[in-house]
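[1] Quick one: sequence and predicted model below, then my questions.
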Amino acid sequence: MGLGRKVFGSETLSSAEVQGYLMDQSVMVFTGTAQRAAELPAPAEGMVCVLTDTDQVQQRRNGAWIDLGAVPPVAVTLDGTKLANFGGGIRTARVWAQGRTVFCSGLVKMLAAQGTTLEVSVATIPAGFRPVERETFPTLSSAAPLRLDVYPTGDVKLVTFTTALAINATWPFVGHWNLD
């Protein structure tokens, strides 16, 4: 892992300093993911590389290599026993990144009543898009006020305050968070 920034004088660098201050903080160039995996078996968070076969610049984030710049939308995995995309031409629940910020959007609905449960896991955010700390987003359903909690594990929990949600209750799946 990189050691940060240091202003060097006339001292001789140790091999650990060369590795930590120079090598681990450089933008490495690989012909593709196979070469990167072979030459960099234990990448640290924040490392950056260029893949010449795809002309992609990538950074190591949350245990995955992520393309830098705008990242195309990726579907959110919904718990199909509890939740579905609303349908009818309305966007499905999805996440995407611009720089270091992740956005999510979509309209979802309950498939089954949750009884007296006031907090239920309903979806999973894909690796590389997950927040570093729990993020919470107030929202309104067609039945009651709600809160969406997004965890660093990718788990998305729906929290109701007064009553469990009925079948077909709908709400917007909207929020954003930073990756640092």
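    Noted; the coordinates are in hand. Numbers count the residues shown, from 1 in each chain.
[2] Which segments of the protein make up each domain?
    15-67, 71-178 (automatic domain parsing).
[3] Save these as JSON lines, and put in distance to Phe8 too.
    Any C-beta I mention is one placed from the backbone N, CA and C, and that applies to glycine too. As requested, those are exported to JSON lines (distance: least, C-beta to C-beta, whole Å):
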{"stretch": "domain 15-67", "distance to Phe8": "8"}
{"stretch": "domain 71-178", "distance to Phe8": "29"}
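[4] Report the contact partners of Val159.
    Neighbouring residues of Val159 by C-beta atoms under 8 Å, 6 or more residues apart in numbering: 118-119, 146-149.
[5] now the helix or strand harbouring it, how far from the centre of its chain.
    Taking DSSP states H and E as the criterion, Val159 maps to strand 155-160. Distance of strand 155-160 from the chain centroid (C-alpha atoms, centre = their mean, to the nearest Å) equals 16 Å.
[6] can you tell me the average pLDDT over it?
    Per-region confidence: strand 155-160 scores 88 on mean pLDDT.
[7] and what of stretch 94-109?
    83.
[8] centre of the chain versus that stretch, how much separation?
    Relative to the centre of its chain, stretch 94-109 is centred 9 Å away, using C-alpha atoms, centre = their mean.
[9] All good on my end, thank you.
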